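Chemist: Fold the following for me, if possible:
(one chain, ligands or ions: 4)
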Amino acid sequence: MNNQSSWVKSTCAYCGVGCGIKSRINNQGQLDIKGDEQHPANKGKLCAKALTLTETLTNDNRMLIPQILNKPVSWNEALDETVTQLQSIINRYGPSAVAFYVSGQLLTEDYYVVNKLAKGFIGTANIDTNSRLCMSSAVAGHQRAFGEDCVAGCYDDLEAADVVILTGSNLAWCHPILFQRLKLAQQQHNTKIVVIDPRHTASCDIADLHLAITPGSDIALFNGLLNYLNNNNYIDQEYINAHTNNIEAALTTAATLSNDENVSQLTGISAEKLRTFYQLFANHPRTVTVYSQGVNQSISGTDKVNAIINCHLATGRIGKLGATPFSITGQPNAMGGREVGGLATTLAAHLSFERQDHWQLLSDFWQTNNLATKPGLKAVDMFDAIANGTIKAVWIIATNPAASLPNSNKINRALAQCPCVIVSDCVNNNDTLRHATIKLPAQGWSEKSGTVTNSERYISRQRRLLPTQGEAKPDWWIITQVAQRMGFGDSFNYTNEAQIFAEHVALTATNNHPHQTPRLLNLSGLSHLTAHDYDNLLPQQWPINDDGINQQRLFSDGIFPTQDGKACFIATPYRPPITHHSTAYPLLLNTGRIRDQWHTMTRTGLSASLAGHIQEPLISVHPTDADHYKLSNNQLVTVTSQYSKAIFRVRISTEVKPRQVFIAIHWTQQTSSSGSVCALIDEQCDPISGQPQFKATAVQLTPLTYTTDAILTTTEAVTLADLPSPTALYWVCKKVKAGYQYCLSSNLTPSALEQILMTYFMHPAQHHLRAITHNSRRAIVIENNRCISSLLIRPYSNSHYLTSSSNIIGYECNELKLHQFLNGEDNLTDTDIVCACKQITKQQLIDTITNKKVQDVSTLSRITTAGTGCGGCWCELESLLNLTDAN
Ligand SMILES: Nc1nc2c(c(=O)[nH]1)N[C@H]1C(S)=C(S)[C@@H](COP(=O)(O)OP(=O)(O)OC[C@H]3O[C@@H](n4cnc5c(=O)[nH]c(N)nc54)[C@H](O)[C@@H]3O)O[C@H]1N2
Ligand SMILES: Nc1nc2c(c(=O)[nH]1)N[C@H]1C(S)=C(S)[C@@H](COP(=O)(O)OP(=O)(O)OC[C@H]3O[C@@H](n4cnc5c(=O)[nH]c(N)nc54)[C@H](O)[C@@H]3O)O[C@H]1N2
Ligand code: SF4
Ligand SMILES: [Mo]
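Modeler: Residues are numbered from 1 along each chain as shown. Ligands and ions are numbered 1, 2, ... in the order given. Predicted coordinates for the structure are as follows:
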């Protein structure tokens with residue numbers, strides 16, 4: 001009998017590209033997932049993270065019931081306790097003593113009600129979001145230039161452009177489907193691609209020009225460009241006169257860096273390369289400049305954004321086919337959050353704290369006397385206020401600040417001493433949840449239902465695909481239940497998410513008239529949506545006018561949502577990054593993302609298919625620095641900043657320039673001993689946006705020596721943090737198919753380490769097999785003829801990086817495989833996966849290239865099947881071919 005359900009359309013759980021998926025429950029009761037051919041963002045394609053979403057839908061580490069001080073309670077008790085605590089703090093200390101810290105991973109409906117509750121009814125603007133860490137410089141830059149936080153362009157522009165500049169964006173790994181669209185466009189129309197990034201990233205593989213600028217020098221580069229355009233008559237004077245203000249100030253500031261040499265000095269880019277870049281820009285009206293965290297996460301992030309926009313305004317390249325500055329957003333609903341006023345500095349529906357008429361409009365619309373009329377504290381300041389006790393209660397929803405805010409040791413201390421820490425999450429343990437006094441289980445992707453907005457303003461539905469696990473509830477439900485119990489029932493008596501969306505739509509259309517500085521965020525065309533229409537809503541790109549017509553590009557008519565309808569140039573003086581560079585901390589630490597993990601790994605960390613690409617928190621070090629510090633590949637190194645220390649495994653690579661190092665952001669105290677890289681990160685923020693400078697922290701390296709390596713593989717997760725303290729200098733955990741694998745490095749002798757690990761993790765009542773061979777110690781535990789754990793211990797050898805296949809764990813005992821493992825005949829070679837979809841390792845690819853004398857990617861792909869899934873590893877296949885060729 002066929003039990004398959006029919007395909008339901010929804011939106012991917014992860015990044016801001018906002019790809020459409022189709023999903024159905026298959027005969028095994030699991031979700032089949034494929035791309036939605038009709039979704040405008042991806043037209044059927046998906047990346048490996050989306051294709052492995054099913055693996056993340058497990059009960060492993062799932063939060064299933066509400067808890068107070070880690071004791072299970074009913075929803076009634078949890079909600080009543082939440083309200084009692086919040087209310088007593090508000091009564092004693094006022095509404096500002098209560099804060100909310102929310103997330104671009106909420107749905108628009110969740111985000112709308114939490115803002116309405118905080119700003120509208122409790123009367124505190126102390127509600128900020130992780131978008132502060134992500135998009136706030138772009139938001140501030142847009143507001144300054146355009147009068148409103150609007151992204152002018154659309155994805156089609158990337159395909160229509162003649163030149164695409166990726167600055168501070170590793171599109172290949174962070175927005176893979178957009179990258180694939182761009183790559184295809186390049187093959188079809190020979191688009192010129194420029195990558196501006198201090199690091200050589202996977203995105204450079206399609207670049208015609210890579211400008212490896214000195215970190216933080218973007219403003220010098222773009223001011224230099226503005227100056228070049230002006231001096232060489234490339235500016236569009238007619239457009240400037242008709243549609244902009246203040247170019248003189250921008251030009252004067254840019255001219256202070258007038259000669260190429262100065263720009264060259266500041267950016268580290270040769271005058272010749274600079275001219276190539278400037279000419280590419282100057283000569284191609286169809287230019288798109290994509291920017292992301294290399295731009296935003298900086299102490300001059302807002303100015304960097306405006307320096308880019310200045311060049312587009314000066315050439316009239318905005319709102320036109322293939323011509324736009326383009327802020328690419330990170331999280332699935334960072335854009336939706338901006339629409340409902342998720343930041344402490346904005347109000348709902350693009351209304352402004354700066355305008356009294358907007359307060360009135362919002363107070364009337366919400367029918368409240370309690371609206372907060374001053375901006376609240378931005379994320380970093382908010383956690384300072386928690387640390388100093390001004391804020392006494394914080395409700396954290398869908399974000400993991402203990403791992404993702406700068407100087408995270410301080411954040412952890414602040415949360416540890418905060419009297420009331422309410423956390424709504426889908427997982428039961430993460431770094432933040434350790435501090436929760438009240439834990440509220442939220443529905444996750446596949447269970448929740450609502451809308452998200454992607455980077456090009458498309459609003460798409462996320463639909464319920466599976467039944468909810470345990471007692472988890474929608475975030476909007478949890479928030480509105482609390483609001484009702486606080487006495488705001490009349491304003492929060494929604495029974496479904498469609499009603500909330502309808503209210504949000506109505507607010508965007510209220511008093512939004514073309515003749516009165518309109519807000520471009522206007523969804524009036526969706527005003528008459530019934531619940532049924534909402535259920536069936538197709539992707540909609542805002543603004544949506546009364547006739548339901550979507551607008552693909554903004555500002556095409558040269559009219560901007562400012563008082564006089566003109567855009568504004570901003571003078572953007574160059575400032576170097578503030579770091580505590582010194583002989584004590586001589587290197588610059590850059591941080592960012594890897595291809596197959598998402599943020600703090602609470603979801604992608606559950607997928608074994610995604611665990612193989614980069615298996616550990618690595619630090620990329622340039623060969624000259626490796627020489628200087630006497631570091632070898634795969635060795636451990638202690639990284640110290642003025643804030644803390646952490647340990648990483650060395651990857652010697654020319655991807656980074658000398659004196660620069662790079663570490664990925666994903667590992668936390670749940671997945672590694674030394675915790676998150678954010679413990680090291682500088683607290684400096686952009687003075688306008690408040691966005692932290694995550695990409696430039698001064699650090700020092702100290703090689704770490706140890707004697708013994710161990711790999712423990714178990715079917716059930718174990719807690720290594722409880723081991724007696726000298727056992728492991730370092731450990732890291734990753735998901736494998738049938739369980740978890742822990743790699744430990746220790747200064748104990750192999751036999752001493754074996755004894756401890758056997759005592760802790762290998763129950764004496766269980767059946768053991770042990771062997772000592774080739775210097776190594778090995779053990780297996782068997783239960784009911786199933787192998788439930790294995791242990792391998794060996795002396796450290798710097799020529800060898802210890803990774804191991806785990807194909808015996810969780811399976812019925814196979815004599816041959818057990819024998820091979822115990823005798824050291826299993827394959828212990830490097831198991832790094834290049835193709836996540838087909839699980840093809842680097843070694844398999846190298847062997848195929850060498851043995852079959854493969855010359856091109858298509859052949860390599862055909863023989864090995866690598867690259868035939870999502871295609872996201874295509875660039876890596878190319879570099880492997882080049883590398884193996886060269887050897
Ligand atoms: N696989 C994966 N994809 C993701 C995410 C994820 O966790 N994993 N997260 C999503 C989110 S929330 C976000 S915000 C986006 C982020 O997407 P991106 O911004 O593309 O990603 P990052 O790796 O943070 O940083 C981009 C690049 O900025 C460079 N950079 C550092 N300093 C400078 C500088 O001074 N100038 C310039 N021009 N560049 C610099 C870094 O070397 C890095 O390669 O990714 C989204 N997509
Ligand atoms: N050093 C350094 N630090 C950085 C960055 C960097 O580049 N470098 N980038 C910054 C950026 S751009 C970002 S966006 C942040 C991301 O940082 P975080 O937002 O802290 O990271 P996530 O792991 O995405 O945390 C999301 C949490 O919400 C939970 N969750 C998922 N879905 C739901 C839901 O529907 N409801 C609820 N209630 N919970 C849910 C997840 O289980 C997880 O615990 O990191 C920032 N920190
Ligand atoms: S590109 Fe982003 S939205 Fe699209 S499938 Fe991949 S993670 Fe999901
Ligand atoms: Mo982000």
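Chemist: okay, CA-based contacts and neighbour counts for the rest of this
Modeler: Noted.
Chemist: which residues are contacting whichever strand or helix holds Thr84?
Modeler: Thr84 belongs to helix 75-93 when assigned by DSSP states H and E. The contact list for helix 75-93, computed with Cα atoms under 8 Å, 6 or more residues apart in numbering, reads 66-68, 95-98, 392-393, 420, 422, 438, 440, 478, 481-482, 485-486.
Chemist: which of these count as buried?
Modeler: The neighbour-count test (16 or more other Cα atoms under 10 Å) marks 66-68, 95-98, 392-393, 420, 422, 438, 440, 478, 481-482, 486 as buried among the contacts of helix 75-93.
Chemist: Just the ones of those in helices?
Modeler: If you go by DSSP state H, those have Ile478, Gln481, Val482 in helices.
Chemist: SS state for the residue in the stretch 751-887 of the chain that ligand 4 sits nearest to?
Modeler: Nearest residue of the stretch 751-887 of the chain to ligand 4: Gly872, at 20.2 Å (Cα to the ion). Using DSSP: H, G, I helix; E, B strand; the rest coil, the structure places Gly872 in coil.
Chemist: Now do the buried residues in stretch 653-662.
Modeler: For stretch 653-662, by 16+ other Cα under 10 Å, it's Ser653, Glu655, Val656, Lys657, Pro658, Gln660, Val661, Phe662.
Chemist: Alpha carbons of it, in PDB - could you do that?
Modeler: What follows is stretch 653-662, C-alpha atoms only, in PDB (Å, rounded to 0.1, in the frame of the first residue of the first chain):
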ATOM      1  CA  SER A 653      47.100  27.300   4.100                       C
ATOM      2  CA  THR A 654      47.700  30.100   1.700                       C
ATOM      3  CA  GLU A 655      44.000  30.900   1.800                       C
ATOM      4  CA  VAL A 656      45.000  33.500   4.500                       C
ATOM      5  CA  LYS A 657      47.700  36.100   4.100                       C
ATOM      6  CA  PRO A 658      50.700  36.200   6.500                       C
ATOM      7  CA  ARG A 659      49.800  37.700   9.900                       C
ATOM      8  CA  GLN A 660      46.100  36.800   9.400                       C
ATOM      9  CA  VAL A 661      44.400  33.700  10.700                       C
ATOM     10  CA  PHE A 662      40.800  32.400  10.100                       C
END
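Chemist: Report the mean confidence score over it.
Modeler: For stretch 653-662, mean pLDDT rounds to 97.
Chemist: and that stretch with ligand 2, contact?
Modeler: No. Stretch 653-662 stays clear of ligand 2 (Cα under 6 Å from any ligand atom), getting no nearer than 10.1 Å.
Chemist: what's in contact with that stretch?
Modeler: Contacts of stretch 653-662 (Cα under 8 Å, 6+ apart): 198-201, 586-592, 619-625.
Chemist: List buried residues within these.
Modeler: 198-201, 586-592, 619-625.
Chemist: By mean pLDDT, flag the weakest helix or strand of this structure.
Modeler: strand 767-773 (a mean of 76; mean pLDDT, DSSP states H and E).
Chemist: sorry, back to before: out of the ones in helices among the buried ones among the contacts of helix 75-93, flag the one nearest to ligand 2.
Modeler: Ile478 (9.5 Å; Cα to the nearest ligand atom).
Chemist: how much space between that closest one and Trp395?
Modeler: 12 Å (Cα to Cα, to the nearest Å).
Chemist: before we move on, what about Val163?
Modeler: Relative to Trp395, and taking Cα to Cα, Val163 is found at 45 Å.
Chemist: Looking at these two, which one has more neighbours?
Modeler: Ranked by neighbour count (other Cα atoms under 10 Å), Val163 and Trp395 place Val163 first, with 26 against 20.
Chemist: Please give me every residue in contact with that one.
Modeler: Thr191, Lys192, Ile193, Val194, Leu280, Phe281, His284, Arg286, Thr287, Val288.
Chemist: Any idea what it is bridged to?
Modeler: Per DSSP bridges, the residues bridged to Val163 are Lys192, Thr287.
Chemist: the domain parsing of this protein - what is it?
Modeler: The chain breaks down into these structural domains: 67-129+338-489, 136-327, 587-703, 708-822, 833-886 (assignment by automatic domain parsing).
Chemist: Name the spans of the stretch 751-887 of the chain whose pLDDT lies under the cut-off.
Modeler: Where the stretch 751-887 of the chain drops to pLDDT under 70, the residues are 764-766, 774, 799-806, 826-830, 885-887.
Chemist: which SSE is Arg778 in?
Modeler: Counting by DSSP H and E, the element that carries Arg778 is strand 776-783.
Chemist: And the next helix or strand after that strand, what does it pack against?
Modeler: Where DSSP H and E defines the elements, the next helix or strand beyond strand 776-783 is strand 786-795. Here strand 786-795 touches strand 708-714, helix 750-761, strand 776-783, going by 3 or more Cα pairs under 8 Å, 6 or more residues apart in numbering; DSSP states H and E.
Chemist: Strand 786-795: which residues count as buried?
Modeler: Cys787, Ile788, Ser789, Ser790, Leu791, Leu792, Ile793, Arg794, Pro795.
Chemist: how far away is the one residue in the stretch 301-450 of the chain that gets nearest to ligand 1 from Thr865?
Modeler: Ligand 1 sits closest to Gly330 of the stretch 301-450 of the chain, with a gap of 3.2 Å, by Cα to the nearest ligand atom. From Gly330 across to Thr865, the span is 30 Å (Cα to Cα).
Chemist: neighbour-wise, which of those two wins?
Modeler: Gly330 (24 against 16).
Chemist: per-residue confidence for the more buried one?
Modeler: pLDDT, read off for Gly330, is 97.
Chemist: quick one, what contacts it?
Modeler: Cys15, Gly16, Val17, Cys134, Met135, Cys174.
Chemist: Within reach of ligand 2, which of those are there?
Modeler: Cys134.
Chemist: ok, and Gln700, which helix or strand is that part of?
Modeler: Using DSSP H and E, Gln700 falls in strand 697-704.
Chemist: who's in contact with that strand?
Modeler: Taking Cα under 8 Å, 6+ apart as the rule, strand 697-704 contacts 579-582, 584-590, 629-631, 635-642, 680-682.
Chemist: So the nearest residue to Lys320 once chain neighbours are set aside: helix, strand or coil?
Modeler: Nearest residue to Lys320, sequence neighbours excluded (Cα to Cα, 6 or more residues apart in numbering): Ser556, at 5.9 Å. Of the three states, Ser556 takes coil under three-state DSSP.
Chemist: residue contacts, Ser556?
Modeler: Ile318, Gly319, Lys320.
Chemist: burial count for Ile247?
Modeler: 18.
Chemist: Check Thr705 too.
Modeler: 15.
Chemist: if I pick it, what's in contact with it?
Modeler: Gln635, Leu636.
Chemist: quick revisit: report the buried residues of the strand holding Arg778.
Modeler: So for strand 776-783, counting by 16+ other Cα under 10 Å, buried means Ser776, Arg777, Arg778, Ala779, Ile780, Val781, Ile782.
Chemist: can you list contacts of that strand?
Modeler: Applying Cα under 8 Å, 6+ apart, the set of residues contacting strand 776-783 is 750-751, 754, 762, 766-772, 787-795, 813, 821-822, 824.
Chemist: Stretch 868-880 now?
Modeler: 45-48, 51, 172-173, 176, 180, 202, 205, 834-835, 837-838, 845-846, 856-857, 860-862, 866-867.
Chemist: How far off centre is that stretch?
Modeler: With Cα atoms, centre = their mean, to the nearest Å as the basis, stretch 868-880 stands 22 Å off its chain's centre.
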